[in-house]
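Participant: build the 3D model from these lines:
(chains A and B)
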Amino acid sequence: MNFRKSMLTVALTSSVAFTAQAGEVEVLHWWTSGGEAAAVSVLKSMVEKEGHTWKDFAVAGGGGENTMTVLRARAVSGNPPSSAQIKGLEIHEWADLGFLSSLNDVAEAEGWKDFLPEMVSNIMQFDGEFVAVPVNVHRVNWMWANPAAFEKAGVELPTSLDELWAAADKLKAAGIIPIAHGGQAWQDATTFESIALSLGGPEFFVKAFVEHDPAALQSDTMIEAFEQFRKVRDYLDPGFPGREWNIATSMVIRGDAAMQFMGDWAKGEFSAANMQPGTDYLCLPFPGTDDMFTFNIDSLAMFKQRSAENVAAQNTMARLVLSPEFQETFNMNKGSIPVRLDQDMSGFDACAQASMDTFKSTSASGEGLVPSMAHGMSTTSAVQGAIYDVTTTFFNSSMTAQEATRQLASAIRAAQ
Amino acid sequence: MSESKTADLTSVAMTPRRNSRMGDTLAYWMPKLVLSPTLIIVLVFFYGFILWTGYLSFTNSRMLPSYDLVGWANYVRLFNNERWFVSLRNLAVYSVLFIVICLAIGLSLAILLDQKIRAEGALRTIYLYPMALSFIVTGTVWKWMLNPQVGIEQFVRGLGWETFRFDWLVDPNFSIYTIVVAAVWQSSGFVMALFLAGLRGVDDSIIKAAQIDGASRFMIYTRIIIPSLRPVFFSAFVMLAHIAIKSFDLALALTGGGPGVSSDLPAIFMYQMSFTRNQMGLGAASAMIMLLTVVAILVPYLYSELRTKKHEH
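Facilitator: Numbers count the residues shown, from 1 in each chain, chains lettered A, B, ... in the order given. Alright, predicted model coming up:
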């Protein structure tokens, strides 16, 4: 018995001694596609250069639903990874349960608040403590257009919703699919939120999708947003249900379709097809949302660690993620823009530069920078899911816009 | 007499008498020992977790399980949820069609195969093959075949019938039927095998007697063979019913619950609420309703089965 006990002690101490040599960061992420994987390996080598070990916990497949289940199980059993790709309000849900560790020391030493927009640092903080580090900023309200298709139909690029429908009619008459769309709940919601933003402006958007004000949810603007959303249906090809977003992008690349409403991760598909922004494809704000910016921020939430060494490694990684070098490499690969307002943008392409300009101007004025509902930035996953259900059901049925707003309000209330 | 026999059999050992007693004890405990891990696993992982889920359905669990009771609130929310009703309606349509069509096709195939035809083994294997695929594969293959732009519709149009339409997959009013089609394709071979086994078990002498009495082949089937297959009907029904209720992977791979939520099923609803939308309480409530549906089917079945057995013996 005694012998066994001492063996146990030896085993325990030796494992402690082992971790004492160098901290380890285990990172749960789903950046696995070509460019993203390359970007993450940069972070890995940066962390290793600082003397820590990197343990990859990568999960293929984008959504990561099953991974979240694994993460929950590990967090509950007291053995979470150092860091996981969690975003938006879900960071606060985790922090509220007491799983996340504070990064305030790093944040103060590095002056995060000086170069992060307030809107962004608010999401990364819980009770005044930084618990997550932002990696990049995606703009969601983009319209990707194939200029050759527009030329063929002889129409100008639309800058308002009315122009959009007029252009779509002409494109359809010219035998081009006006809008490339994938009928999945999140893609429906992405289009819907852009339309709502275009119609109601940022103030309405925040009232409806952040504050869930019942008056805004059942307002005439919301009814109008649903009606305009229904119009999209007229300009799709019959094969849209269930289509993946990148297949829809490839329709624009081939010129079968004229435009797609999608966040700037779509740029990776165009780059992979060797197309140049400005000539082969165009990135334009969604019609009527020129000076507005719907953001979707990827972030790494930091879990409480048991050993001081791992905490040190965790802090090192947090510092490196916001370093200008990593921000540049990662975002050039990912199609997004750096989250630092003081980043040198000279190496980025025209689309990213335009995105950064709007990001800076909207975060400086405080107007027009709104969190994306469709990408989990504006509300909890429960409410987001409720909105998904209503928008996607509306889009795929003959429900009236009035009925949709009523269901939207009641579904949000039920999910809160 | 019997004791000496055992002693003879085990005479290789040292003292026959003691050994036989040990053997008896061992024989008594062995099955219990062998079965106990399974029993514990079943108790904990089936009934334990059913109870736990039941408890969670009365709590305000969201991302992680919590133990603050909120009464029937989750059930109220569940039955105020439009999407839950869509999924229940879909389950009703899907399971009725799936079970009826599977039984019909399975029985007809079995009867046709039972006509002492050539190459029966090969045909039987062909009909059974879909069963070897996982529902994910079935769903993906049928998704391609039913896709109006690459599948059957495009193929028939390519043959020259330009106005041919078969776009159930993308039509919210018909998408649930595509799941029925794929599920029937997958499972009817299995039902056929069940019926075939049943048909082989029917006593030949009864059929011969009926033939001597001048019964037609049709009458032999409808009056003698099919009624005697009653237990097979029951087992096939129970198996199909629970395949239908737990259907998840097929629908997810084939339609993803879409277009919209038009082909949503309770299992998909439960999964999404519990694991992606941080509404574990609501998910647990929907799981309990699914369990009650299964129980509502199983209990009358078990009751009738057990009762008839008691009468027979």
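
Participant: show me what contacts the residue nearest to residue A:244 when sequence neighbours are not counted?
Facilitator: Nearest residue to residue A:244 in three dimensions, chain neighbours excluded: residue A:182, at 5.7 Å (C-beta to C-beta, 6 or more residues apart in numbering or on different chains). The C-beta positions use only the backbone N, C-alpha and C, and glycine is treated the same way. Contacts for residue A:182 were tallied using C-beta atoms under 8 Å, 6 or more residues apart in numbering or on different chains; they are A:240, A:242-245, A:247-248.

Participant: one more time with 6 Å, if that's ok
Facilitator: Listed by C-beta atoms under 6 Å, 6 or more residues apart in numbering or on different chains, the contact set of residue A:182 reads A:243-245, A:248.

Participant: please report how far it lies from residue A:272.
Facilitator: Taking C-beta to C-beta, to the nearest Å as the criterion, residue A:182 is separated from residue A:272 by 18 Å.

Participant: which SS state does whichever residue of the stretch 1-150 of chain B sits closest to chain A fall under?
Facilitator: As assessed by C-beta to the nearest C-beta, chain A sits closest to residue B:149 within the stretch 1-150 of chain B, at 3.9 Å. Following DSSP: H, G, I helix; E, B strand; the rest coil, we place residue B:149 in the coil state.

Participant: any idea of the pLDDT on the residue nearest to residue A:244?
Facilitator: For residue A:182, the pLDDT comes out at 91.

Participant: check residue B:100 too.
Facilitator: pLDDT, residue B:100: 96.

Participant: check which helix or strand it maps to.
Facilitator: helix B:82-113 (DSSP states H and E).

Participant: coming back round to it: out of the contacts of residue A:182, which comes closest to chain B?
Facilitator: Minimum separation from chain B among the contacts of residue A:182 (C-beta to the nearest C-beta) is found for residue A:243, which lies at 9.4 Å.

Participant: phi and psi next, for the nearest residue to that closest one once chain neighbours are set aside.
Facilitator: Of all residues not flanking residue A:243 in the chain, residue A:182 sits nearest, at 3.7 Å (C-beta to C-beta, 6+ apart). Main-chain torsions, residue A:182, degrees, to the nearest 10: phi -110, psi 120.

Participant: give me the domain ranges for the chain.
Facilitator: Assuming you mean chain A. Domain ranges of chain A: A:25-137+A:297-354, A:142-294+A:366-415, per automatic domain parsing.

Participant: let me rephrase: I mean chain B.
Facilitator: Split into domains by automatic domain parsing, chain B comes to B:2-56, B:82-312.

Participant: what about the residue nearest to residue A:244, distance to chain B?
Facilitator: Residue A:182 sits at a distance of 10 Å from chain B (criterion: C-beta to the nearest C-beta, to the nearest Å).

Participant: for residue 10, give me the pLDDT.
Facilitator: In the absence of a named chain, this looks at chain A. With respect to pLDDT, residue A:10 has a value of 44.

Participant: you looked at the wrong chain, it should be chain B
Facilitator: Residue B:10 is given a pLDDT of 45.

Participant: chain A: strands as residue ranges?
Facilitator: Secondary structure of chain A (DSSP state E): strands at A:24-29, A:53-58, A:83-85, A:125-126, A:129-130, A:132-139, A:142-145, A:177-180, A:257-261, A:282-285, A:293-302, A:369-371.

Participant: next, give phi and psi for residue B:262.
Facilitator: Backbone torsions of residue B:262, given as degrees, to the nearest 10, read phi -70, psi -20.

Participant: ranking the strands of chain A by burial, who's on top?
Facilitator: Looking across the strands of chain A with neighbours counted as mean count of other C-beta atoms under 10 Å in any protein chain shown, the highest average goes to strand A:257-261: a mean of 28.

Participant: so which of the domains of chain B comes closest to residue A:412?
Facilitator: Minimum separation from residue A:412 across the domains of chain B (C-beta to C-beta) falls at domain B:82-312, 12.8 Å.

Participant: how much space separates the closest residue to residue A:214 other than its chain neighbours from residue B:116?
Facilitator: Spatial nearest neighbour of residue A:214, chain neighbours left out: residue A:409 (5.4 Å); criterion: C-beta to C-beta, 6+ apart. Look at residue A:409 and residue B:116: by C-beta to C-beta, they are 67 Å apart.
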